[in-house]
Structure formats: structure tokens, C-alpha cells
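Student: have a look; sequence and predicted model below, questions after that.
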Amino acid sequence: MTTTSINTERVEAGAHGADSHAGEIPLITGGLTRADVTNNVAGPIEKGMTGRWWAAFAVALTALLIGVVCTWYQIRTGIGTWGLNRTVGWAFDITNFVFWVGIGHAGTLISAVLLLLRQKWRTSINRSAEAMTIFAVMCAGIFPVIHMGRPWLAHWVFPFPNTRGTLWVNFRSPLLWDVFAIGTYFTVSLLFWYLGLIPDLATLRDRASGLRKKILGFFAMGWNGAARTWSRYETACVLLAALATPLVVSVHSVVSTDFATSFVPGWHATVFPPYFVIGAVFSGFAMVLTLMLIARGVMRFENYITMKHIHAMCKVIVFTGSIVGLAYITELFTAWWSGVGYEQFAFKNRMYGPMAWAYWIMFSCNVIVPQFLWFRKVRNSLGAVFLITLLVNVGMWFERFVIIVTSLTRDYLPSSWAGYTPTWIEGGTMLGAFGLFFTLFLIFCRFLPMICMFEVKTVLPPAKGTKGGHH
Amino acid sequence: MTKPGKDMRLDQQLVLPLEGESSDRRSFLRLMGFGVAAGALASCSRAPTSNAVPWLTAPEDITAGRAYRMATTCAACPTGCGALVTCKDGRPLKMEGLVGHAVSAGALCAIGQASILELYDSQRIDGPQHGGKEASWADADAAVIATLETLRAKGRVRLLTDTRTGPATLGAIRNFLDRCQDGRHVMYDPLSCSAMAAAHLATHGVRAVPRADLAKVRVLASFDADFLGTWYSPVEHARGWAAARREKKPGVHSRHWHFESAMTVTGGVADIRRRLAPHEIPTAITILAELVEGRGRQGGGLACAEDLALLAAELRAAKGSALVLCGVNDSAVQTQVNRINAALGAYGTTLSMESASRQRLGDDAALATLFGELDSGSVDLLIVAGVNPAFDHPDKAAALAKARMLVSLATNPDETSALAQWICPESHFLERWDDHEAVDGLVSVGQPLIRPLMNGRTLRMTLTRWSGEQGDELALLKQAFESGVFPRQKEIASFPRWWRDLVHSGSARVASRNKATAFNAAGVQKATHNAAPAPGAFALVIAPKLGILDGRHAHNPWLQELSDPISRLAWECEACLSPAAAARLGVSEGDVVRLSAAGHESLKAPVHIVPGQHDEVITFPPGYGRKATERFAGIGPEWWEGKRTLATGERLGSNAAAWRGVASVTVERTGEHVDLATVQDYRSLEVPAHLAPPHGAVRDHVRHASVAALALDAHAAHAGLHHPAPLELWSPDHANAGPRWGLSIDLSACNGCSACVIACQAENNVPVVGRDEVQRHREMAWIRIDRYESGTGDDVVVHQQPMMCQHCGHAPCESVCPVLATVHSADGLNQQVYNRCVGTRYCANTCPYKVRRFNWFDYPHEDALENHALNPDVTVRTRGVMEKCSLCVQRIQEARLEARRLGMPVADGDIQTACQQTCPTDAIVFGNLADPKSAVALLAAGGRSYRVLEELNVAPSVHYLADVRNPRA
């Protein structure tokens, strides 16, 4: 979704690019025409819900409702319904928060950074990836609210003029930075995503009738496809892309300061901001790939999400996964080099302590498993890729769990060391977040074009019998 | 007037009805407002009324909301410590040590601190009962007097009580029994010192337990006497013990040898501790006696023979300031102890027979005689007060029922009152006039601080009525004192003046009626080496737990939730084994074992492993197995996965009373396991070896040194520790005229007695959360006593470290709170603003000391009566907020306001935190660190001082003084 991508020159360059990669997998296969693209993407939306969709939706909604019930119970009864204790004040809540924020990163990266890097393959996946970002940030945003002892006072974390005298928020608190970082991120992502939807909404509007047409027309904001409209649209997109790009780095850097600025051995590390950002990209790409593989099968998008896309994303995963591995080793090195006994203990405790299993799940899923993606054979096997992306997400969830929980269980005074066991309520809340995510994603799949039609059309190989990519 | 009760919620008593159940700020204020008003009413009426009305005619000397303090005597046990009770608006709220009292000298133990809660126990028996039905005092008196009339000439009347020392009480008892042809008063103590008294009868001709002055002792040896924890006068002994160790100089600092089978708080702080099986103690004492007398006998097959020889040499060298204590309830052994003490010249110096202790007057022989009479069914009237014989001697419960008439004076339903025809409850000691003579020549009175909340009567009044006499309680007491006690002193000629001084100061000295008598060697009996437990079997030691003791306070939730200083368990009745013994049995922490012995129904208990316990010994605590009341059933939050602490009628643990005297038990695994409710999982400063960092596995949170090392280098405790000087972000030129409050905690004085923990609980409205929550590591105590153990066998070293909010100058918690709910005050306090807290728990995560406590639930405050124990100066925290030690900010504020009113600065020592006030060893000192002349600043500047984790540059305000022991070089 970019302004420049509909530039004729670039389309030719794209076509040239496709040519130069003759013999390789093309970006869009099946010799599709632009009309085919519109039909393939808009068709399922217009057809209505299928049985498979309903089945998936029922599962997701059930999970969401379980989460709602658990959260309601927790807010009504007390945080004590979670397995936390005086030593471990955060566990599933903040683990899930960081996990979901991390998941969201891929969307922004794909729409902003890959755009800057001129990776044309992103066109088929950026819409879904951005939707994923928004839903993931929504899931993430729930946890800092419900993890509060008194969530009904959550608005106190916003610095607004109030009647409570001079009482203000604490600008030194990383939790407050989170409020701003996540708030900004969500706002920009939502705007960016919506802006990108407008031309496609107009396409849908033009194909619809009745009330549907009116609703789509409202959201399409009177899009008329005129050159002037496109021009203004391009300007707005450039501005938002410029705003979104630093967020890729800033959001997770800020989230990491929740830990890095704190005193807990295992949290107090300067490597955290880049380490968290790359971990987020890593987990985000894994999640995008998981979803794309499902969508590809279910929605019959094989021609749009081709092996080329899968290969590209696999390469990003193996690259970022290796950096994550490097970060793990750096952490160990820093602990050793620091000469601080508490830090050294914290890392030995992670690896060999009572919760070592979590560390080794993390390590094997995040560092070892992605290495299989070096092999073309593995990348070609959709089953293997799917499994690896799932494992990466498991591993990344455990990364946050290890950082948060294992570090907290054993810090300075041995007298206060404690374990942690989650309760069913906590598990239900986590399930609920997945339920929310998939519920929203399924609604998205059914009501909005999953693939950015107008952008995909710019990267179509020149159809036979036409003279090139002139629109 | 309506009586307060469990069935009546506080908010229902409000003029304005509350909506819903939430406790937001408004309803909280409403509750507090009501509490104050209701408390005010409580002082002028029998109980709070259902309408809150203004105080139209205020009592002359009471200002609403202003604390006033009254001296009284703690009667939670017969030790007779002086107490100063803080009252507000007519409600006694907090017991503190009474400064200047001859026994307790300003401190109070955990049980004394907790006894205030028993005043507001809605489960107390409210008035006489006959066959389970409520009756009036007139009916009860008539029934008992009618029975007495028939018995006067030839019936057997027996009064069974715990130790009662008050001259007026004993006079009333005599007066009552003298009216019967065959009336006798039997006293017994469930934790008996009867053998000590009997031994002194044999060797000194006086049946008395001597009073030990540990402050004068330079060399102290204790054999199974837990004198700092569960013995007959722990506060007094702890004070003396600490005084003898205040000067950290070789030759001045006392040396404390400790020989014991189980691990006790006293053993934990000893200089030299050796394990001795119970059956070896007679031999060890005998050998020591001979060695001390210079007739050296070696060996005796004891592992500690060499130590005994060294000890004997030290004791002999310190004649006149040496003392041997023994907690074994065997009169032959005790005569041998007397022999040693006589040889050491302890009588008249460190031991006093003239002003002997009267804190344990119980006589086991008299009790055995009484049981014999009961067995034969020849007792016509048995009156039981202050003891629970059906629980302490479960095998005699049937015999008790054989008494023709059994009258129980129990305050709470117990095993004995269940057998009684009549229950004529005693009042709580804070509701009554009371008298004590805890030590010969030291009389003290207890004065009522509130009109009785329950319809009870003192033993003294009950017996006076049953003697057929009328009269006012106070008038009779004064009369008894005027005729019986006042003449024993000569200083003050006017009785009213003397009485006023006595009531005002709580105690007075009068002439002792005991005479010091010479030691008579002929009374010494041969202490026989008891049989060792059979191979593979264990010696059973019934070891009382501090806080629960004999179980008389087992219905007090504060004491049940007090984590034991040794095992760190709460709400548990645990059997303790040494690591070697546990390995031999193949059991680990929490595994349930079965104890069996011939003729006894087997006992089951979960195992707790204690390093330093004798390998052939299993301990079992007394005082457990009491039936839980409704009070316990309601404790702790109720939620889906939550487990009830105890259901009504369920028993917490098992009663081991019948096992007293069983020497050898077989112990076997049952295969069951319970997750014990512990507040401390990891008990060592040494991290597990496989996780140890390269520069050493031992953390330096507790620093320690020997007296000898300190003599050479005042900073010896910090040897080998290199912590770089922390960097300051701010230049030190920032003007700060105000105080900086801080604490100093002397680790060498702390023995883990936990009085501070309960004091804090009472002062700061710390909720009780129940067993399940403790097991989930959600205990709420603001001050805890960390216990660190190292070594094995005889070489176990224990350190206790009280830990509370360190009020860091650069507090990590303050910078992370998003809503500024925890901030720094100008006078150096780290403040928690409950109103503002949204409960992110970030502050608790980042706190390196883990002293912050979170309100995971709304803890029940449904017992309207119990709520009257809440301190109105301290907020009751709602669910979802963080809390922690405030350094008793309400006390600081009170002192500052008072100083401002008087136009004077707050003087050093004007403010005492609750934990400091009650500490028997003065381990805790509060004050202004910014004033270089304050006691706390002087201590903080001393060579032993350090701050835990100071290398983190959090600038804590709590200074610790390194633990100091005085081992042999």
C-alpha cells in the first residue's frame, strides 16, 4: 500500500524485476488479470459466510468468551485469582502483553520498512499483516489494564487535567512510557491500515448494492479514483509511512524499558531495546506466516501468497531468529563480563534452575528450530514451515515468560525466592486473548479484502498480449 | 441494646445504609467514622448500640480520636509481664511493653501482643451456660452454691487452675476452699516447670522456681531450655541475655553454650550449640556436675564429652557469673542442675531464690493425685479455670467426666467445657481487675480498660460469690491488697496513695516472703541415663512452638498465621526431622509420616526438615488439634481455587498431649504429601552450588563476625567485601533541614521471637489471609524475620534477619509507579498512597528486598466485633492496592503534632515504631539519621553497621548491625 507503487516506472521496474528473476517463483502466479484479482479477493467477501468460516468463528468466539468470563471473574474477585504472589508480581499478564505487542510488529515492518527497502513481495501480505498488528495491539492493550489491582482506575495512567489537585502521572515510569508508546502505535497503525483500505473499499462499494453499498460508501469516503484523489492519497500515505517507520523501533524499545530500567537481575540489561525489537520482528513474521499459510489454504490465495512470499518470510525469520540467538548469547556474556554475582546467578538459574525447562523451550524454539529454514527443501514444505512458525511463536512466548517470571522468582534475597504456578483463570484469560485475536481476524477475513487489491495489481506480471504495465 | 456479633455487619449498624458491598473510599470513611463513634460508645456502655449518636456528655479525660495509655498486666500467660495499653475512644487497641516493669522491662512477647485480638473475639462464651444453654449468673451462682451446701461438710471440692499468682486471687481461692471440709486448689502448667520447683524443694527446702538474672551471666549453658522462646519468662530472659551481650568485648560479652535435641530460637543464637538426644541429657548434666565440682569424669559415651569439659572449665572460671539452665521436666536431673549452680555460686548472684519466680507454680504431683481422685470418682465438685485438662491430658477426659459436678470457667468453648455441666466464663484480662505476683515481692495489678464485651466474671469474683459474699470487685480487691500486700512495704504509709501508684505504674515492690536457703547436697538425686530409642526408632520430643505454646491461644488467628521462626510455616502442625533422619526415612519436606508407639493411637503429621536437629529425634508440637471455631472458617478469601483454612469443627493438626513421656516412637512414611504453607522456601544465604556465580555462592545479606575478631578490627564483619562507592546523581549541597527517619537493627540481638511481627500486625491492621494464601506466598506481614541456615549437624549456624521496607533514599519502587502512588516524603520515608494506587505491582517486582505486600483480595472484615481491634489511625486497605511498612508513620505524625503543640522539637526516642517498642532485646532502634547525635545515627556510624544491598545504590534507611557470636577461639 504505497503511493509510489502505482507509479508507472516502478511497475515497469517490477515487471523487469520479474523478468530478471526468470526461472524463479513469480510474485503472483496463475497468469491472473486485474479483473481476476478483484474477483478473487472481493468474491469471497460478497459470497458470505461459509461453513468452515462459521466453524472457525465458533471456536474463536468460544475462546474469547472463556476469556471474558475469566476476566470478569478476576476483576470481580481480585488479582488473587491469578497465580501471582508477593515475589512474582507479573507472569501471564505481562508475558502476554509483550508477546502480543511483539506479534504486532510485523505489520508495521512490512508496511513501512519493507516499503523503504522496496520489497515488492510485501504487497500480497501487507493488508493482513497490518490487520494482525491492530488486533495484536488490541490483545496486548487488554493485559496492562486487567493486570491492575483496580482496573476501574486505569484512566489514572493518562495525564489529563483533573480535579485531584496537582496529582499528575509519573513521567519517570516506564509503564507510563508504555501508555504513550502503545497508544501512538495503535493510533498510527489503525490510521495507516484504514487509509490503505480506502481504494479497495471503493472497489467493493462499486461492486455492491443497497445498504451494503451505503456502508462501504461511507467508509470509502467518497473515493472516486481520480488522479487528484490518488495524488492526495499518496501524500497522506507518505506522511503516515514516515510516522510509522520509527515506531517499528520505538514501541518495543519502550516496552523493553519496563524491564531494562528495573533492578531485577535478568531485567536490568542495556541490550534489551534492540533485543526486544528484533524478537518482535521475529515473532511477528512467524505469526504472519502462520496466518498466511492458513489463509492461503482456506481462502484459496495460492496465486497471491506464492512460494516466493513464503521463502522471503522464511528468510526474514531465519535472519531475525539468528539475531535473537545472538542476543541470548550476548545476555550471557554480559552477565559473565559484568562480574555481578546476582546477574550471573540469574542467568545460571535460567538455564539450570527450577524453571530451566522454560529457558530450553525458548532456546530451542527460537534459536535452533528456525535454522532449518536455511534449507530450501524445508522452506518448500508448507507443513514444515507451518510447524516452525508455530514453534517460533511458542518460543517467543516463552522468551517473555522466562525474562519475566524466571527472573522474578529468584532475585536478591534468597528468603523471598518463590515459585509460580498459573491458575485456570490466568490460562483462560490467555486463551481469551487468542480468541479475541482470531475472532477479529476472522471478521476481517470475511468483511474486508484480505489482500490489497490495488497494490497487487501493480505487481502483476504483464498479461499476455498486452504491451506492458501501463494502466 | 443490641449486642455486637458476627451475624451483624458493621454497615448494617450504620445510620446510613451502605449500598452494595464495595469498600470504596466513601464507604471506608463511613466505616471509619462509625468505628470511632462506636468505640466511643463502647467506653460508656456495655457494647456499641445500633445508633450512632454524638457524644453529648463526653468523659472528662477522654478526647475523641486521641490515644490514652493505661498500665496493666498481661495475663495472656502466667508470666505476668507489664503492659501499657493504648486506647482510643474507649477501645483498647494495642498492648505494648510497660517501661520500668520489673519482669518485662518495657517489652512484650508475640502472644501478649496478640492477646488484644482475643478481647474482640466474637466466639467467646457470653455469660454462663448450663448444658449448652444460656443461663444467668444468678442461676449459675444458685446452682453451684446449692451443690456446695450439700458438700460443705463432707464433699470433695477441687479447684484446678493454671498458675495464678495474685495475692487477692489466691486469698479468694483460700477463702472459698476453707469453707469446705475437703477443698483443695491444684495448679498445673501444660508446659510444666514442676520438676524445677520439686528439685529446689529437695535441695533448698523451698518449692520454687528460681528467678534467673541473665544480665549478670558471663558463661551460660542451657540444656534443652528454650529460655528466649517458650520457657517460663522469655521476655525477661531475652532482656537479660541481650544485656550480657551488649558490649562486644572479649571477656565481657557472655558466652552462651546450648545443648538441645530440637532446634529452638535460643539454640539458633547460641555461641556454641551441640546436639544432645533427650536420653543423653541426664548423663551430660551429671558429668558436667562432676566436672564443675572438680571431680573430673570423662566420656560417658557422649559425643559432646570434650565440649562438656571445656564448658566446665569456663563455668568454673566464671564462678559467680555463670549459670546452667535446664528445661528437662525431671526432678532428679534438676537437682543435678542445682548442684552445678550451687557449685558455681549462682544462687544469690545469677539465680535468686529469695525473689523466686512464681510464673510456673504448677505441681505435676498434685495433678496426678487429682487425677487419681477423679479416676476413683470421688471428686464431687471440680472447678476448672484457665486450663483445659481434657485437652492437655486427653486420657483423663473420661475421669474428668466422673466428677459429680464439673464447672468450667473457660472463656472460649474448649474440650473441658464440653464436659462441664456449668460454664461460668472468666472475663478477658483487659475487662477486669486483676492481680499478680509474678515474682516474689513484685505485685502488679491489671485494670479494666473497657466495660466487659462479654458477660464474664473474674475467677476472684466468681469464687467470692460462691463463698456467699457480696461486694464490689474493685472494693474487694483493694481490701485484699490493703490487708495482705500493703503491709509488706514500708515506704508509703498511705494505702490510697500506694494503691494509686500501683495502678498508675502497674507494679510495686513489696517484701518477698521467701527466704534464701542454703543448698543442701543431700537433696541431690541420681539422674539416670534414660534408655535410648530402639534402633531405627526415634526419640519423641514434644517441642512447643513459639506463638502456639500449649494451645491456649490456638483460636487466635494472628498467632496461627505467625510464621514459626524455626520452620517458617504458618497454620501447620509439623513434625521436625534432621536432614539425615529424613534421608534415612526417605521423606522430604511436606511428606506425611505416621508416629506410632505401643498403647497410643498413631499420630500423623507432615515433615519439616530442620538442620541442626538431633538425628535420632523427631519433634511434635503441643497445642494443636484444637477444634476450629467459626472464626477460622471465615478466614481468607473465598474464590474458585481457594481452599478453606479450616472448616468449623475441623482440627488443625493433632493433639500430641497424650504422647508426653513417650520416649521412643517408630516413624514411617505414609506416602501422603502436603504442600506446607511456608513463607520462606529457601533457607540459605548460599545459592545452590550448580547455580553459583564464579565469585562465590554465599550472599552477604547477613554479615557476621566473632567478638574476638571485632576486638582486633571494628569492621571485621565487612572483611573481604568490596563494594565500590556508589555514584550520586545529585550533588550533596541540596539543603535538607528536616529529619531522615531510619532504623538500626542489631542482628546479634535478634533471636526471632516474632514479637515485632505481631506488634506490627496489631498496629497496622495487617490482615490475616489464611493457610491457602500463605501457601501461595501471599502473606501480608509488613515485617518478617528471614531465617538463614548453613552448615550441618553440630555446626549449623543460624542467622535471623528482620526485614521490612528499607525506605530507600533512591527507591526503585518510586520511579516505576506510573501514577505516583509511592513517593518519598521530605523526612525520608518511602510512602505508599493507598488511594492513588492502581495496583500494577511494578513496585513490588522491582523492590530488591521484596517487602511490598499486595492486597490480592478483599480480606474479610465481617466480624463486627473483631473490627474494633483495628487501629483507627491506619487505613484498612482495599483490594488491589500495594502496602508495606510505613515506619509507623501514624506514630511519627502523632509525636510531631504533640511536639508542635508543646512548641518543642521531637526528641530522640520520642517516637518508637511498634516493632521497636516490643522488642525484648532492643534490637530495633528508630530515629533521625540526619541527627548525628541520635541513637540510630550513632549505631549506623558504628563499625558493625551495614546496609543490605547497599551496593545497588538504593540508599536504604535501615541499617543492620552485623551478627556477633562469641565462639571459642
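Tutor: Right, received. Where do you want to start?
Student: wait, B:Ala531 sits on B:Ala539?
Tutor: No: at 9.7 Å, B:Ala531 does not count as touching B:Ala539 under the criterion of CB atoms under 8 Å. Using the backbone N, CA and C atoms, a C-beta is placed for each residue, glycine as well.
Student: who touches both of those two?
Tutor: Both B:Ala531 and B:Ala539 are contacted by B:His279, B:Ala663, B:Ser664, under the criterion CB atoms under 8 Å, 6 or more residues apart in numbering or on different chains.
Student: least confident of these?
Tutor: The lowest pLDDT within the shared contacts of B:Ala531 and B:Ala539 belongs to B:Ala663, with 83.
Student: residue of the stretch 51-200 of chain B closest to chain A, please.
Tutor: Across the stretch 51-200 of chain B, no residue is closer to chain A than B:Ala110, which sits at 19.2 Å (CB to the nearest CB).
Student: neighbours around that residue, how many?
Tutor: Using other CB atoms under 10 Å in any protein chain shown, B:Ala110 has 26 other residues around it.
Student: who are the contact partners of it?
Tutor: Neighbour list for B:Ala110: B:Leu546, B:Gly547, B:Leu559, B:Leu562, B:Cys753, B:Ser754, B:Ala755, B:Val757, B:Ile758 [criterion: CB under 8 Å, 6+ apart].
Student: now do the fifth one: how many residues are near it, please.
Tutor: For B:Cys753, the count of nearby residues is 29 (other CB under 10 Å).
Student: ok, now the third one?
Tutor: Close neighbours of B:Leu559, defined as other CB under 10 Å, add up to 26.
Student: what about B:Ala531 and B:Ala539, which has more around it?
Tutor: More crowded of B:Ala531 and B:Ala539, by other CB under 10 Å: B:Ala539, with 22 against 10.
Student: got a list of what that one touches?
Tutor: Neighbouring residues of B:Ala539 by CB under 8 Å, 6+ apart: B:261, B:277-279, B:532-533, B:614, B:616-618, B:663-665.
Student: so for whatever helix or strand it lives in, what's the average pLDDT?
Tutor: Taking DSSP states H and E as the definition, B:Ala539 sits inside strand B:538-542. When pLDDT is averaged along strand B:538-542, the result is 93.
Student: which one of the shared contacts of B:Ala531 and B:Ala539 is nearest chain A?
Tutor: Set against chain A, the nearest of these by CB to the nearest CB is B:His279 (35.2 Å).
Student: isn't the closest one right next to B:Phe538, touching?
Tutor: No: B:His279 is beyond contact range of B:Phe538, at 11.4 Å (criterion: CB under 8 Å).
Student: of those two, who's got more company?
Tutor: With neighbours defined as other CB under 10 Å, B:His279 and B:Phe538 compare such that B:Phe538 has more, 27 against 19.
Student: show me the contacts for the more buried one.
Tutor: B:Phe538 sits next to B:Ala581, B:Glu616, B:Val617, B:Ile618, B:Ser664, B:Val665, B:Thr666, B:Val667 when contact means CB under 8 Å, 6+ apart.
Student: how about a cut-off of 6 Å?
Tutor: B:Glu616, B:Ile618, B:Val665, B:Val667 (CB atoms under 6 Å, 6 or more residues apart in numbering or on different chains).
Student: among those residues, which one has the most neighbours?
Tutor: When neighbours are counted by other CB under 10 Å, B:Ile618 leads the contacts of B:Phe538 with 29 neighbours.
Student: how about the strands of the stretch 1-150 of chain B, start to end?
Tutor: Applying DSSP state E, counting those that start in this stretch to the stretch 1-150 of chain B gives strands spanning B:67-73, B:82-88, B:91-97, B:129-130, B:133-134.
Student: make CSV out of those and add mean pLDDT.
Tutor: Compiled in CSV, the strands of the stretch 1-150 of chain B are given as follows (pLDDT from 0 to 100):
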stretch, mean pLDDT
strand B:67-73, 92
strand B:82-88, 93
strand B:91-97, 94
strand B:129-130, 94
strand B:133-134, 93
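Student: residues near the closest residue to chain A within chain B, how many?
Tutor: The minimum distance from chain B to chain A, using CB to the nearest CB, falls at B:Gly839 (1.9 Å). Residues lying near B:Gly839 (other CB under 10 Å) number 26.
Student: spit out the contact partners of it.
Tutor: Neighbours of B:Gly839 in contact, by CB under 6 Å, 6+ apart: A:Met148, A:Gly149, A:Arg150, B:Gly880, B:Val881.
Student: on the three-state scheme, the nearest residue to it once chain neighbours are set aside is what?
Tutor: Closest residue to B:Gly839 apart from its sequence neighbours, by CB to CB, 6 or more residues apart in numbering or on different chains: A:Gly149 at 1.9 Å. Judged by DSSP: H, G, I helix; E, B strand; the rest coil, the three-state class of A:Gly149 is coil.
Student: any idea how far B:Val769 is from A:Gly149?
Tutor: Going from A:Gly149 to B:Val769 by CB to CB, to the nearest Å gives 15 Å.
Student: quick one: which of these two has more around it?
Tutor: Using other CB under 10 Å as the criterion, A:Gly149 and B:Val769 rank with B:Val769 on top: 28 against 21.
Student: and B:Ala356, backbone torsions?
Tutor: The phi/psi pair for B:Ala356 (degrees, to the nearest 10) reads phi -70, psi 160.
Student: wait, doesn't it sit right on B:Ala208?
Tutor: Yes: with contact defined as CB atoms under 6 Å, B:Ala356 reaches B:Ala208; the gap is 3.8 Å.
Student: near chain B, which residues of chain A are found?
Tutor: Residues of chain A lying close to chain B (CB under 6 Å from any CB of the partner chain) are A:77-81, A:85-87, A:89-90, A:148-150, A:153, A:156-157, A:170, A:172-173, A:175-176, A:262-263, A:341, A:344-345, A:348-349, A:352-353, A:408, A:412-418, A:423.
Student: pLDDT score assigned to residue 11?
Tutor: You didn't pick a chain, so chain A it is. Note for A:Val11: predicted pLDDT of 36.
Student: to clarify, I was referring to chain B.
Tutor: Note for B:Asp11: predicted pLDDT of 40.
Student: rounded mean pLDDT for stretch A:401-419, please.
Tutor: The average pLDDT within stretch A:401-419 is 95.
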